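>>> no sequence on this one, just coordinates:
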């Protein structure tokens, strides 16, 4: 059986410990090519580079067992460039991460990690984003390896439903403390923002964005609930954003 | 009756002709405050600024009838800053645009215009993104004014359903040629990318992202169909990305 060809990317940059762990896991599963940003791109959402140029460099020798390219663009740029230019054929799977920090609930919208997975999904490539609930550079990614392998093998075997990508979040606890894997819906939570207003040395005001994550969704079928109970959460995410149920309501508006 | 307070923003920058037209329309409807990027932000998706500072300047005098702030951040940053710092109270509505160019179909994912509207929606503020199907700086926005006013008044009167923002696209034709307004679903279309590979003066390769928009969705209930028939399209867009129908499929995977 030929091995699956797997594209590995992330948003924390090609040298982040999270992607290094993901590469280790994927090497056990298939042939892999890494195309990842040359610098951290957190919070980039689904940004793409349209008014500027993109650069990419192969950073491993041609004979290396893993071919790695760093790219000047956003995570979505990396996936576009990988699929359309850098890979010898369309990948069988794209995995993104492991993100340093949560992408559960509404965070999926702001996430560069998930935008890479969603971009792959749009291009018809099955895709999974993985995130660990620890934003630190030296977070302990090792404990999650076995689960990431299990989820990836399932995705390859069963196929990810069309029009969907998977958003996987992993509690930052010991392997033995993880209770299992739960398929969930995105919790209806939000960020209560505060701006920290300061003055620069010239006396001009500037802001730092800060905030508190607020979850008032008490459902026990949400990713937040699962993660709080030490389950790994998988949310199937779609990129057709149409709110079909609202079409009828809007058809009652009067545009005459 | 007190006038509604309306936040106006965009992604082409505060000096773009599109937002100037939108300001003119909104002045007929309510009290408005403009908070928009100080430079073009097209293709920024739902990017937010988390590893850097944000600057904003009021660019109109305190006594002006329209208060305008330019902001160093992305469209989503502008909305966060406006709602949490710059506005005297929560706005009754946020409008974004008029974008220079289409945000129909899958383009909603890459759109800074729509990310501003979605950010407002996440914060519980009713929101509409407006886009004209002409990417040129000197596009003719005047023909769309009457329709934008009609849609905005409907939104204020009827209320936009919770958890939803409106994605409005407008054909770039004369007012008399517009056939009407249609509520639609997002067409299942995509970009067939090509990278234009070049060499810089030092002999290093770089890329420009180019591509062709491909729509194989023949449905007559899509935004693409409506726009091709010279209708204005309204797609209700949601930011809970959960693909609820896929949860059951995934529950059949074997994670033991």
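It's in. Everything numeric here is computed off the predicted structure, so don't read it as measured data. Residues are numbered from 1 along each chain as shown, chains lettered A, B, ... in the order given.

>>> and the closest residue to residue A:222 other than its chain neighbours, what does it touch?
Nearest in space to residue A:222, with sequence neighbours left out and distances taken as CB to CB, 6 or more residues apart in numbering or on different chains, is residue A:187 at 3.7 Å. No exception for glycine: its C-beta is placed from N, CA and C like everyone else's. With contacts defined as CB atoms under 8 Å, 6 or more residues apart in numbering or on different chains, the neighbours of residue A:187 are A:104-106, A:215, A:217, A:219, A:222-225.

>>> mind checking how far residue A:187 is from residue B:44?
Between residue A:187 and residue B:44 the computed distance is 26 Å (CB to CB, to the nearest Å).

>>> show me the biggest helix of chain A in terms of residues.
In chain A, taking DSSP state H as the definition, the longest helix is helix A:145-158.

>>> which other residues reach it?
Everything outside helix A:145-158 that qualifies as a contact, by CB under 8 Å, 6+ apart, is A:4, A:21-22, A:24-26, A:28-29, A:92-93, A:95, A:98, A:126, A:128, A:130, A:166, A:168, A:170, A:175, A:178, A:181, A:232, A:234, B:252-255.

>>> Could I get the contacting residues of residue A:48?
A:73-74, A:76-77, A:80, B:43, B:45, B:110, B:209.

>>> ugh, wrong one, I meant residue A:66
Contacts of residue A:66 (CB under 8 Å, 6+ apart): A:23, A:27, A:32-34, A:60.

>>> could you redo the last one with a cut-off of 6 Å?
Residue A:66 makes contact with residue A:32 under the criterion CB atoms under 6 Å, 6 or more residues apart in numbering or on different chains.

>>> follow-up on the earlier one: out of the contacts of residue A:48, which comes closest to residue B:198?
Distances from the contacts of residue A:48 to residue B:198 were compared by CB to CB; the smallest belongs to residue B:209, at 12.2 Å.

>>> Could you report the neighbour count for that closest one?
Residues contacting residue B:209 under the criterion other CB atoms under 10 Å in any protein chain shown number 22.

>>> and the gap between it and chain A?
Distance, residue B:209 to chain A, by CB to the nearest CB, to the nearest Å: 6 Å.

>>> in the sheet, who's paired with that residue?
residue B:195 (DSSP bridges).

>>> what do you get for residue A:170?
residue A:132.

>>> what helix or strand does the closest residue in space to residue A:38 that isn't next to it in sequence sit in?
Residue nearest to residue A:38 in three dimensions, not counting chain neighbours: residue A:70, with 4.1 Å by CB to CB, 6+ apart. Here residue A:70, judged by DSSP states H and E, is contained in strand A:67-71.

>>> circling back: buried by neighbour count, from the contacts of helix A:145-158: which ones?
Neighbour-count burial (16 or more other CB atoms under 10 Å in any protein chain shown) is assigned, among those, to A:4, A:21-22, A:25-26, A:29, A:92-93, A:95, A:98, A:126, A:128, A:130, A:166, A:168, A:170, A:178, A:181, A:232, A:234, B:253.

>>> Any idea how many residues pack against the residue nearest to residue A:186 when sequence neighbours are not counted?
Across the structure, with CB to CB, 6+ apart as the measure, the residue nearest residue A:186 apart from its sequence neighbours is residue B:242 (4.6 Å). Applying the criterion other CB under 10 Å, we find 23 residues in the vicinity of residue B:242.

>>> Report the contact partners of residue B:242.
By CB under 6 Å, 6+ apart, residue B:242 lies in contact with A:185-186, A:235.

>>> Export those to a markdown table and append columns for secondary structure and neighbour count.
Listed next are the contacts of residue B:242 as a markdown table, based on DSSP: H, G, I helix; E, B strand; the rest coil; neighbours: other CB atoms under 10 Å in any protein chain shown:
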| residue | secondary structure | neighbour count |
| --- | --- | --- |
| A:185 | strand | 21 |
| A:186 | coil | 26 |
| A:235 | strand | 32 |
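
>>> how about the residues of the stretch 151-256 of chain A near chain B?
Applying CB under 6 Å from any CB of the partner chain, one finds that the stretch 151-256 of chain A approaches chain B through A:154, A:158, A:161, A:164, A:181, A:183, A:185-186, A:190, A:193, A:195, A:206-207, A:235-243, A:246-247, A:249-251, A:253, A:255.

>>> Kindly write the ChimeraX command that selects the buried subset of these.
Command for ChimeraX that selects the buried part of these, burial taken from 16+ other CB under 10 Å:
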select /A:154,161,164,181,183,185,186,190,193,195,206,207,235,236,237,238,239,240,241,242,243,246,247,249,250,253
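
>>> And the strands in chain A?
Counting by DSSP state E, chain A has these strands, from start to end: A:5-9, A:31-37, A:56-58, A:67-71, A:93-100, A:127-132, A:164-170, A:180-183, A:189-199, A:205-215, A:231-238.

>>> Could you list the low-pLDDT ranges of chain A?
Applying pLDDT under 70 to the predicted model, the residue ranges of chain A that meet it are A:1.

>>> Next to chain B, which bits of the stretch 1-150 of chain A? Give me the list.
On the criterion CB under 6 Å from any CB, chain B has as its neighbours in the stretch 1-150 of chain A the residues A:43-48, A:50, A:53-55, A:80, A:84-85, A:108-110, A:122, A:150.
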